[in-house]
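Engineer: Sequence and predicted structure below; questions after.
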Amino acid sequence: MAERKTRRKSVKKPCPDCQVGQVSESFQVGGRRKRVSDDRQEALCLTCLGTGEATD
Ligand SMILES: [Zn+2]
């Protein structure tokens, strides 16, 4: 039998990198000086693309 495992297309796992699809990260300003600002910005999580769910 060459049948594969049942496709589980709606398995939803929480994203390991965020909770809500966004990550709070410090951003660098100043170019060459690479000064890190105290401000943090909410950035779209690139792991889950903002869904908050891990993707394969
Ligand atoms: Zn995420």
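Structural biologist: Yep, that arrived.

Engineer: This structure against the ion: which residues are in contact?
Structural biologist: 15, 17, 18, 45, 47, 48 (Cβ under 5 Å from the ion). Using the backbone N, CA and C atoms, a C-beta is placed for each residue, glycine as well.

Engineer: show me what contacts residue 20?
Structural biologist: If you count contacts by Cβ atoms under 8 Å, 6 or more residues apart in numbering, residue 20 has them with residue 52.

Engineer: okay, now residue 18: neighbour count?
Structural biologist: 21 (other Cβ atoms under 10 Å).

Engineer: wait, it sits on residue 47?
Structural biologist: Yes. Counting by Cβ atoms under 8 Å, residue 18 touches residue 47, with 7.0 Å between them.

Engineer: From the residues of the chain next to the ion, list just the buried residues.
Structural biologist: 15, 18, 45, 47, 48 (16 or more other Cβ atoms under 10 Å).

Engineer: Can you lay out the residues of the chain next to the ion as a markdown table showing pLDDT, distance to residue 56 and secondary structure?
Structural biologist: Formatted as a markdown table, these follow (pLDDT from 0 to 100; distance: Cβ to Cβ, whole Å; DSSP: H, G, I helix; E, B strand; the rest coil):
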| residue | pLDDT | distance to residue 56 | secondary structure |
| --- | --- | --- | --- |
| 15 | 91 | 12 | coil |
| 17 | 87 | 15 | coil |
| 18 | 87 | 17 | coil |
| 45 | 89 | 16 | coil |
| 47 | 90 | 12 | coil |
| 48 | 91 | 11 | coil |
